[in-house]
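Q: The sequence and its predicted three-dimensional model are supplied below.
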Amino acid sequence: MFKVGIIGLGHIGMLHMKNCKYIDDVKVVAVADNSKRALKKAENNGVGYIYNDYHDLFSDSNDIDSVIISLPNFMHFECIQLALESGLNVFVEKPMANTVEECRKIVKLVEKSGRKLMVGHTMRFYEAIEKMKEDGTMEKLPKKEVIMIEREYRKLVRGLGGIRQMTSLPAVVYIVDTKKEQTAVNEARKLGIPVVAIVDTNADPDEVDHPIPGNDDAIRSIKLLTSIVAEAVVAGREISKPLEERAEKIAVPLEVIPEEAQALTEEQRIEEMGLAKVKEETEEKRIGF
């Protein structure tokens with residue numbers, strides 16, 4: 001019999017407790033939570049050891065083989081650390097920790113303790129959802145569940161589509177608002193990844209390797225600067241290819257353009273964008289009139 005302890009009896013923790021009943025040779029023998037109502041439910045489900053502090057659960061962990069951690073994200077690192085030090089296998093809800101450095105410490109603890117660690121994800125893989133669509137599994141599911149899966153899939157595509165095929169750390173990170181994306185800045189600096197960012201008057205330019213002075217609040221400013229950066233990336237990729245593989249027309253790198261021509265070209269570009277906008281607004285007014 002594999003004996004399990006559950007730390008955190010919120011919605012997900014309760015699901016784990018119920019699902020463990022349907023797994024052969026698995027039994028929930030201990031739970032920890034600060035909610036008296038949740039602990040009462042666990043007691044009614046036949047759980048023998050009830051704790052309102054997970055530190056007490058680890059102190060009496062002789063009868064437990066593994067713990068399921070479903071606490072708030074900021075508590076994951078400490079709880080995983082205590083579990084591994086107590087010689088327990090760990091199943092933790094995503095994320096494993098809040099920073100890359102904490103994750104590295106956990107990996108070292110896993111190697112040192114010889115225990116198993118698994119991070120749980122709920123429908124967090126494109127491949128799983130896409131396979132369900134291809135093999136007809138989605139057609140067999142209830143309509144409500146299909147809607148939830150589709151919603152999750154759209155959320156994944158919107159939030160993670162750009163890094164889906166990444167197999168290594170990026171060579172550089174481009175950030176629009178360093179104040180709002182402070183976590184990204186900190187992680188990039190810890191990992192030694194150069195940061196290119198739009199730096200407004202309220203931001204610290206010392207945190208950025210290659211600052212771009214500009215307004216990081218206005219949509220037009222962000223679109224203009226980001227499009228220039230994107231064009232430079234595309235041009236750089238084309239130049240790095242062999243001559244026979246290059247596209248017929250590529251953007252000319254700024255390094256080979258004289259400084260005066262660079263300024264003139266950019267001024268013309270901004271002027272053309274402004275004229276196009278004015279023309280568009282004029283047309284709309286005429287139609288409205």
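A: All right, it came through fine.

Q: What number of residues are in the vicinity of the nearest residue to Pro95 once chain neighbours are set aside?
A: Nearest residue to Pro95, sequence neighbours excluded (CB to CB, 6 or more residues apart in numbering): Asn73, at 6.0 Å. C-betas here are computed from N, CA, C, even on glycine. When neighbours are defined as other CB atoms under 10 Å, Asn73 has 12 of them.

Q: thinking Ala184 is in contact with Val176, fair?
A: No. Ala184 lies out of contact with Val176 (CB atoms under 8 Å); the separation is 10.2 Å.

Q: Just the local confidence number for the residue nearest to Pro95, please.
A: Asn73 carries a pLDDT value of 89.

Q: where does the stretch 101-250 of the chain have low pLDDT?
A: Across the stretch 101-250 of the chain, residues meeting the criterion (pLDDT under 70) sit at 121-126, 246-250.

Q: ranges for the strands of the stretch 1-150 of the chain?
A: Ranges of strands in the stretch 1-150 of the chain, per DSSP state E, counting those that start in this stretch, are 2-7, 26-32, 49-51, 66-69, 89-93, 117-120.

Q: Would you mind giving the domain segments of the chain?
A: As assigned by automatic domain parsing, the chain contains the domains 2-120, 126-163, 173-254, 257-289.

Q: which one of those is the most hemmed in?
A: domain 2-120 (a mean of 17; mean count of other CB atoms under 10 Å).

Q: Can you convert the strands of the stretch 1-150 of the chain into JSON lines and add a column each for distance to Leu109?
A: Shown next, in JSON lines, are the strands of the stretch 1-150 of the chain (distance: least, CB to CB, whole Å):
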{"stretch": "strand 2-7", "distance to Leu109": "17"}
{"stretch": "strand 26-32", "distance to Leu109": "20"}
{"stretch": "strand 49-51", "distance to Leu109": "22"}
{"stretch": "strand 66-69", "distance to Leu109": "14"}
{"stretch": "strand 89-93", "distance to Leu109": "10"}
{"stretch": "strand 117-120", "distance to Leu109": "9"}
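
Q: about what we covered before: so the residue nearest to Pro95 is in contact with Thr99, correct?
A: No. The criterion here is CB under 8 Å, and Asn73 misses it with Thr99 at 11.1 Å.

Q: tally of neighbours for Met166?
A: So Met166, with other CB under 10 Å, has 9 neighbours.

Q: for Arg164, same thing?
A: When neighbours are counted by other CB under 10 Å, Arg164 comes out with 10.

Q: Make sure Thr201 is indeed in a helix.
A: No. Thr201 is assigned coil when assessed by DSSP: H, G, I helix; E, B strand; the rest coil, not a helix.

Q: distance of it from Val229?
A: 20 Å (CB to CB, to the nearest Å).

Q: returning to what we had before: going by mean pLDDT, which of the strands of the stretch 1-150 of the chain comes out lowest?
A: Looking at these, the bottom one is strand 117-120 with a mean of 89.

Q: What lies in contact with that strand?
A: Ile80, Leu84, Asn89, Val90, Phe91, Val92, Glu93, Lys94, Pro95, Met96, Ile106, Val110 (CB atoms under 8 Å, 6 or more residues apart in numbering).
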